[in-house]
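A.B. asks: Just to be clear, the model below is a prediction. Sequence and coordinates:
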Amino acid sequence: MDGLRRHKSMFLLPGLLTLFLIIIFPLLFTIRVSFSGWNVSNPRMNFIGGANYTAMLHDSRFWASITRLVLLAGGTVLIQYVIGFGMALLVWRNVRGRRFWRVLFLVPMMTTPVVMAAIWQTIFHESLGPVNDLLGMLGLTRIPWLTESGPALAALMTVEVWQWTPFMFLLLLAGLLSLPKEPFMAAAIDGAGTWRTFWKVTFPLMAPVSVAAIVIRLIEASKLSDSVYVLTSGGPGSSTETPGYYLYIQGLRDQQTGYSGAMSLTYLVLMIVTLTVVAALLTRAFKLKGES
């Protein structure tokens, strides 16, 4: 028995070493860096206590980026869920050409985000973009999509929705295809219509998949930075900066390594707590909906 346990431990060892190298060690190193004054003019790990954290608490730009991310992530993921659920319902049943539509809906997700953002930057160009050309043909005023804060945020949300709705569609379609047939047969015998069947049967049964899909997308949306980098570079001013992009500015562009380490750890803790609370609230909300 002891020999069997020893062999099991040996099989676990490669996975544990990999986990340590790619997660635990970088995390411990970042914690150490966050208490140092390491920057472009002082490339040393000298201990400065909580000075970086004190500076971060007074950094309005960092907290504004977090508030902005909450709005961006919450808004885009909600839109993705609604559209993705509708698309999944559309090809769930025996729709003509459903295999073609399933593949077509996944095309945006297969494209690299940076490439997609570059294409959308051309589409939203104020003088050369087709969006403003279409508005001009309709007799509407041209919109400075990437040079004013409101339109820039709308453009960024559009790119995110277009890029990642297929991911939501894929998860929800897999959930729909795994649902048991008996509840739908019982609903049909009771004379329930399409709308009532959806709210009383389909939607409650999809609760676990819905919560998982929303939380996964929120996790991914919390790392939003590549589209911001290409589409707006955080502008105009800092009106489209996200925490990920601001960390890039401080850590890689300005070489404020110690300060960016403090911000990244704080951001990590905030996201873990927030997403845990969101997952619990969503589970409770879907449970109450299923019981009603």
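C.D. replies: Yep, that arrived.
A.B. asks: Apart from its neighbours in sequence, what residue is nearest the residue nearest the centre of the chain?
C.D. replies: Centroid check for the chain by Cα atoms, centre = their mean gives A221 as the closest residue, at 1.6 Å. Closest residue to A221 apart from its sequence neighbours, by Cβ to Cβ, 6 or more residues apart in numbering: A73 at 3.8 Å. In this view, the C-beta of every residue, glycine as well, is placed from N, C-alpha and C.
A.B. asks: Which residue ranges of the stretch 151-292 of the chain form strands?
C.D. replies: Using DSSP state E, counting those that start in this stretch, the stretch 151-292 of the chain contains no strands.
A.B. asks: Does the residue nearest to the centre of the chain touch I79 like I think?
C.D. replies: No. If you go by Cβ atoms under 8 Å, A221 and I79 don't touch, sitting 11.3 Å apart.
A.B. asks: which residues of the protein score low on pLDDT?
C.D. replies: The chain contains residues with pLDDT under 70 at 1-7, 94-95, 289-292.
A.B. asks: any idea how far S264 lies from L173?
C.D. replies: According to Cβ to Cβ, to the nearest Å, S264 stands 35 Å off from L173.
A.B. asks: ugh, wrong one, V201
C.D. replies: For V201, the distance to L173 - Cβ to Cβ - is 17 Å.
A.B. asks: More neighbours: which of those two?
C.D. replies: Neighbours per residue, other Cβ atoms under 10 Å: of V201 and L173, the larger number sits with L173, 22 against 18.
A.B. asks: Spatially nearest residue to that one, not counting backbone neighbours?
C.D. replies: A88 (4.1 Å).
A.B. asks: CA atoms of stretch 158-168 as CSV?
C.D. replies: C-alpha atoms of stretch 158-168 as CSV (Å, rounded to 0.1, in the frame of the first residue of the first chain):
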residue,chain,number,x,y,z
THR,A,158,-19.1,46.7,-29.7
VAL,A,159,-15.7,45.0,-30.5
GLU,A,160,-15.9,42.9,-27.3
VAL,A,161,-19.5,41.8,-28.0
TRP,A,162,-18.8,40.9,-31.6
GLN,A,163,-15.6,39.0,-30.6
TRP,A,164,-16.9,37.0,-27.7
THR,A,165,-20.6,36.4,-28.2
PRO,A,166,-19.7,33.2,-30.1
PHE,A,167,-18.0,31.9,-26.9
MET,A,168,-21.2,32.4,-25.0
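A.B. asks: who's in contact with it?
C.D. replies: 72, 76-77, 79-81, 83-85, 87, 105-109, 111, 113, 116-117, 120, 213, 217, 220-221, 224, 227, 231 (Cβ atoms under 8 Å, 6 or more residues apart in numbering).
A.B. asks: related to what we said a few turns ago, OK, contacts around the residue nearest to L173?
C.D. replies: 169, 172-173, 175-176 are the contacts of A88 under Cβ under 8 Å, 6+ apart.
A.B. asks: tell me which residues in the helix or strand hosting it are buried?
C.D. replies: Assigned by DSSP states H and E, A88 belongs to helix 60-92. By neighbour count on 16 or more other Cβ atoms under 10 Å, the buried set for helix 60-92 is 62, 65-66, 68-69, 72-73, 75-77, 79-81, 83-85, 87-89, 91-92.
A.B. asks: One more: stretch 188-201?
C.D. replies: So, applying 16+ other Cβ under 10 Å, buried residues of stretch 188-201: 192, 197-198, 200-201.
A.B. asks: Now do the same contact list for the closest residue to Y53 other than its chain neighbours.
C.D. replies: Leaving aside its sequence neighbours, Y53 sits nearest to A262 (Cβ to Cβ, 6+ apart; 5.1 Å). With contacts taken as Cβ under 8 Å, 6+ apart, A262 has the following neighbours: 34-35, 52-53, 55-56.
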